[in-house]
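Student: Take this sequence and fold it.
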Amino acid sequence: ADLAERELFGAAVGDGFQPRGFAALVQGMGKAQIEAFMADRKSMRAGSAPRMELPEACGLLDRWLRRIAALLADGRPWLLGARIGIADLAVYHPLWFITRAPALAGVLDGHAGLRAWMGRVAALGHGVSRSMTSAEALAAALAGAPRT
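Tutor: Numbers count the residues shown, from 1 in each chain. Presented below is the predicted three-dimensional model:
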C-alpha cells in the first residue's frame, strides 16, 4: 500500500494531468473553480517533489499495470489473495483517477483481469453516511470500537 501511494499515485497524477486528462477532470467547472482547484493542489504539493513528467509517469504506470495484471493472472479475486486488503484500496484509487478521463482509460486495455478487479473494488461502494456536527462525529469516534 505504501509503495502504491508513493509510486503509483505519482504516476497516475502525472498521467492524469496531461491535457486530455485535465480537461476531463475540470469538465463542468467554472474558471473560479478551476483556479481554486489548482491553488488547492499547489498547496498540497508545497515542499514535496515536483509532479512527474509525462514520459516518466507513463513508463511507471505501465510497469504498475503489468505488475497488477501479473498478480491477478492466477485468478485470485484480490491483489494479495482470497481477501480484499489495503493494497487493493491503495492501488485502486490512482487507477480510478485515470479512468475518470475517457481519453486516458484505454491505458488499462490489454492488462488481463484489471477491469474485473476494479469492478470488484468499485462494488464495495462507499458505505452509508449521514450528516453530523463535529461534536457528534467526535462523540461517535469516542464511543466506537475498532473492528478487524
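Student: Where does the prediction get shaky in the protein?
Tutor: Residue ranges of the chain with pLDDT under 70: 45, 47-50.
Student: mind checking the longest helix of it?
Tutor: When the chain is parsed with DSSP state H, its longest helix is helix 54-72.
Student: next helix or strand past that helix?
Tutor: Once the chain leaves helix 54-72, the next helix or strand it forms, by DSSP states H and E, is helix 86-99.
Student: Between helix 54-72 and that next one, find me the angle.
Tutor: Compare the direction of helix 86-99 with that of helix 54-72 by axes from the mean of the first three to the mean of the last three CA atoms, to 10 degrees and you get 130 degrees.
Student: which residues touch the helix or strand following helix 86-99?
Tutor: Moving toward the C-terminus from helix 86-99, the first helix or strand encountered (DSSP H and E) is helix 102-105. Contacts with helix 102-105, where a contact means CB atoms under 8 Å, 6 or more residues apart in numbering, come from 15-16, 18, 20-21, 23-24, 98-99. The C-beta positions use only the backbone N, C-alpha and C, and glycine is treated the same way.
Student: Residue 4: what's its closest spatial neighbour, skipping adjacent residues?
Tutor: Spatial nearest neighbour of residue 4, excluding adjacent residues (CB to CB, 6 or more residues apart in numbering): residue 90 at 4.1 Å.
Student: Return the residues in contact with that neighbour.
Tutor: Per CB under 8 Å, 6+ apart, neighbours of residue 90: 1-2, 4-5, 8.
Student: And it, how far from residue 5?
Tutor: 6 Å (CB to CB, to the nearest Å).
Student: I'd say residue 13 and residue 51 touch.
Tutor: Yes: if you go by CB atoms under 8 Å, residue 13 and residue 51 touch, sitting 6.1 Å apart.
Student: For the two, indicate the residue with more neighbours.
Tutor: Taking neighbours as other CB atoms under 10 Å, residue 13 and residue 51 compare with residue 13 leading, 18 against 14.
Student: list the contacts for the more buried one?
Tutor: By CB under 8 Å, 6+ apart, the contact set of residue 13 is 51-52, 57, 94, 97.
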